[in-house]
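J.: kindly return the folded structure for what I paste below:
(one chain, ligands or ions: 1)
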Amino acid sequence: MIAPEVLDYDFPTYLEVIADFTANELIPSENEMVEAGEVPSRIVDRMAALGLFGISIPRSYGGLEWSMEQQVQLTLEFTRASCVYRSRFSTVIGLCSQAILDHGTEEQRTRMLPKMAAGELITAFALTEEEAGSDAAHLRSTARRTGDTYILDGSKRYITNAAWADAFLVFARTDESDDGAGGVSALLVDADSPGVRTVLPTIMNGHAEAPVGEIHFDRVEVPARNLLGGVEGAGLTMALRGINHARLHVAATCVGQATRMLEEASSHVNGRNQFGAPLADLGAVQASLGASFAELEAGRALTMESARAFDAGEIPRHRIAAAKLYSSEMASRVADRCVQLLGGEGIVGPHPIPRMWRDVRALRIYEGSSPIHERNLARAMTKQVRSDGTLPDSYRV
Ligand SMILES: Cc1cc2nc3c(=O)[nH]c(=O)nc-3n(C[C@H](O)[C@H](O)[C@H](O)COP(=O)(O)OP(=O)(O)OC[C@H]3O[C@@H](n4cnc5c(N)ncnc54)[C@H](O)[C@@H]3O)c2cc1C
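T.: Predicted coordinates:
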């Protein structure tokens with residue numbers, strides 16, 4: 001439950017509270033989290049009390065209703081700590097709540113959003129399948145309607161929070177005569193329904209404390225009232241609202257992670273002497289840090305600007321894609337340089353930078369991999385230039 005006083009905070013106070021929580025609770029608990037292999041439940045309870053599950057959900061549904069710019073500012077703070085913490089509530093604030101908010105029926109919104117905002121109903125977004133990753137529109141799971149029930153069959157993989165979810169937003173084919181996006185619908189599925197089975201991976205290379213799971217559906221009965229928005233065939237269009245939201249949050253996460261790594265690396269090169277002087281005095285070290293800072297600030301500016309455009313009205317999906325593409329590539333480049341600055345400590349021992357180096361690698365793969373964003377941006381650019389000679393929304397203020 002969100003602590004009552006949190007609901008009364010103005011935004012500057014709330015931002016300060018989250019910055020304190022990050023510095024005094026999240027960062028100091030990182031080693032405990034790594035040893036436990038998951039986010040400690042004490043921290044998850046604190047996240048819920050502080051309203052982190054509800055930052056994007058309207059006040060009328062029990063959330064804190066911060067604007068996108070404010071959500072990005074918050075993300076820049078709490079992702080100075082391990083981005084695994086964010087994974088724990090990311091699927092609630094982005095992918096799932098935004099699809100329900102924009103496309104759910106009023107009954108679905110009032111049934112789910114207040115519990116989601118309070119951290120009492122964890123939701124996961126179940127789209128990816130073994131044969132449908134980047135090409136999600138060709139997914140094979142089916143939901144066949146019989147009377148007031150859908151019978152759901154199929155398997156999903158790489159699903160964030162599969163292990164902790166109380167409910168899944170599942171994408172399945174309701175029209176098998178259409179093998180593309182038009183045959184896909186979105187269904188809200190209780191995780192404890194008979195026929196649902198979740199399997200966790202044995203190996204995670206990065207994000208180890210937030211394992212992504214497989215979910216298997218074997219003749220699962222889903223009440224027809226759980227069809228998102230009561231509309232068949234629009235599942236992937238409905239997903240886009242949450243996906244654009246999540247992509248912008250991922251861009252901010254990359255900036256937050258790069259900020260922390262550069263703080264840690266700068267501290268290391270100040271304290272470590274070689275050749276009779278701090279590493280910080282070496283030109284090559286300065287070049288690495290200076291270039292990284294410039295790229296960090298470019299990622300921050302693009303992400304903040306995209307968030308402001310988001311708040312201004314029409315969702316700037318090309319600019320958001322550019323922010324996600326650039327910031328995730330930037331975070332990996334910065335991580336690699338920071339590992340280099342640590343020398344052997346970048347490979348051996350418990351320094352946080354190598355852990356973050358592994359974690360940020362995944363951010364170039366999920367929420368649209370970098371090659372897919374490059375392809376989609378190029379297609380949008382050439383298409384629009386053909387039609388009116390201009391570039392897409394990234395060049396319009
Ligand atoms: C940590 C993590 C969390 C995730 N969380 C979720 C989740 O909560 N819910 C969910 O549904 N999914 C989730 N995913 C899945 C993620 O969205 C997919 O991994 C991603 O879409 C890529 O699909 P794939 O892994 O099948 O790779 P593939 O689609 O097989 O692609 C492999 C490579 O080929 C490239 N490629 C593919 N097609 C093209 C093309 N047309 N042009 C150029 N390059 C191409 C890709 O960019 C990629 O680099 C998660 C993944 C990870 C790693």
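
J.: from Arg157, how far out is the closest residue to the ligand within the stretch 101-250 of the chain?
T.: Nearest to the ligand in the stretch 101-250 of the chain, going by C-beta to the nearest ligand atom, is Gly133, at a distance of 1.7 Å. The way it works is simple: take the backbone N, C-alpha and C, and place the C-beta from them, glycine included. Gly133 sits 9 Å away from Arg157, taking C-beta to C-beta, to the nearest Å as the criterion.

J.: Ser56 too?
T.: Ser56 sits 26 Å away from Arg157, going by C-beta to C-beta.

J.: who has more neighbours, these two?
T.: Ser56 (25 against 18; other C-beta atoms under 10 Å).

J.: hmm, Ile27 is touching Ala81, no?
T.: Yes. Using C-beta atoms under 8 Å, Ile27 is in contact with Ala81, at 4.8 Å.

J.: between those two, which has more neighbouring residues?
T.: Higher neighbour count among Ile27 and Ala81: Ala81, with 25 against 16, using other C-beta under 10 Å.

J.: residues contacting the more buried one?
T.: Thr22, Leu26, Ile27, Glu30, Arg260 (C-beta atoms under 8 Å, 6 or more residues apart in numbering).

J.: ok, and the most crowded of these?
T.: Comparing the contacts of Ala81 by number of neighbours (other C-beta under 10 Å), Leu26 comes first, having 24 neighbours.

J.: that one belongs to a strand?
T.: No. Leu26 is assigned helix when assessed by DSSP: H, G, I helix; E, B strand; the rest coil, not a strand.

J.: for it, give its distance to Leu325.
T.: 27 Å.

J.: same check, this time on His373
T.: Note on His373: its distance to Leu325, by C-beta to C-beta, is 4 Å.

J.: report the backbone C-alpha coordinates of stretch 286-296 in CSV.
T.: The C-alpha trace of stretch 286-296 is given here as CSV (Å, rounded to 0.1, in the frame of the first residue of the first chain):
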residue,chain,number,x,y,z
GLN,A,286,40.7,12.0,-19.5
ALA,A,287,39.7,11.4,-23.1
SER,A,288,37.7,8.3,-22.1
LEU,A,289,35.9,10.1,-19.3
GLY,A,290,35.3,13.4,-21.2
ALA,A,291,33.9,11.6,-24.3
SER,A,292,31.6,9.5,-22.0
PHE,A,293,30.3,12.6,-20.2
ALA,A,294,29.4,14.3,-23.5
GLU,A,295,27.6,11.1,-24.7
LEU,A,296,25.8,10.8,-21.3
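
J.: and that stretch, what's its mean pLDDT?
T.: In this model, stretch 286-296 has a mean pLDDT of 98.

J.: again with stretch 134-148
T.: 97.

J.: what residues of it count as buried?
T.: Under the neighbour-count criterion of 16 or more other C-beta atoms under 10 Å, stretch 134-148 has Ala136, Leu139, Ser141, Thr142, Ala143 buried.

J.: start to end distance for that stretch?
T.: End-to-end distance of stretch 134-148: 32 Å, with C-alpha to C-alpha, to the nearest Å as the criterion.

J.: cool, stretch 36-43 as well?
T.: Using C-alpha to C-alpha, the end-to-end distance of stretch 36-43 comes out at 12 Å.

J.: which bits of the stretch 101-250 of the chain sit near the ligand?
T.: Phe125, Ala126, Leu127, Thr128, Gly133, Ser134, Tyr158, Ile159, Thr160, His207, Val212 (C-beta under 6 Å from any ligand atom).

J.: apply 5 Å and report the result again.
T.: By C-beta under 5 Å from any ligand atom, the residues of the stretch 101-250 of the chain that approach the ligand are Phe125, Leu127, Thr128, Gly133, Ser134, Tyr158, Ile159, Thr160, His207, Val212.

J.: which among those residues count as buried?
T.: Buried members of those, scored by 16+ other C-beta under 10 Å, are Phe125, Leu127, Thr128, Gly133, Tyr158, Ile159, Thr160, His207, Val212.

J.: which members of those define the maximum pairwise distance?
T.: Leu127 and His207 (17.6 Å; C-beta to C-beta).

J.: how much space separates Ala126 from Ser155?
T.: In terms of C-beta to C-beta, Ala126 sits 10 Å off from Ser155.

J.: just to revisit the earlier point, got JSON lines for the residues of the stretch 101-250 of the chain next to the ligand, with secondary structure too?
T.: Conversion of those to JSON lines gives the following (three-state DSSP):
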{"residue": "Phe125", "secondary structure": "strand"}
{"residue": "Leu127", "secondary structure": "coil"}
{"residue": "Thr128", "secondary structure": "coil"}
{"residue": "Gly133", "secondary structure": "coil"}
{"residue": "Ser134", "secondary structure": "coil"}
{"residue": "Tyr158", "secondary structure": "strand"}
{"residue": "Ile159", "secondary structure": "strand"}
{"residue": "Thr160", "secondary structure": "coil"}
{"residue": "His207", "secondary structure": "coil"}
{"residue": "Val212", "secondary structure": "coil"}
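
J.: farthest-apart pair in these, please.
T.: Largest pairwise distance in those, by C-beta to C-beta, is 19.0 Å, between Ser134 and His207.

J.: hang on, the earlier thing: list the residues that contact both of Ala126 and Ser155?
T.: Shared contacts of Ala126 and Ser155 (C-beta under 8 Å, 6+ apart): Ile215.

J.: so which of these two has more stuff around it?
T.: The neighbour count for Ala126 versus Ser155, taken as other C-beta under 10 Å, is higher for Ala126 (32 against 17).

J.: thought that one was touching Ala167?
T.: No. Between Ala126 and Ala167 there is no contact under C-beta under 8 Å: 10.1 Å.

J.: list residues touching both of the two?
T.: Val189.

J.: just to revisit the earlier point, and the buried ones among the residues of the stretch 101-250 of the chain next to the ligand, which is closest to Val184?
T.: Closest to Val184, out of all of these and judged by C-beta to C-beta, is Leu127, at 9.2 Å.
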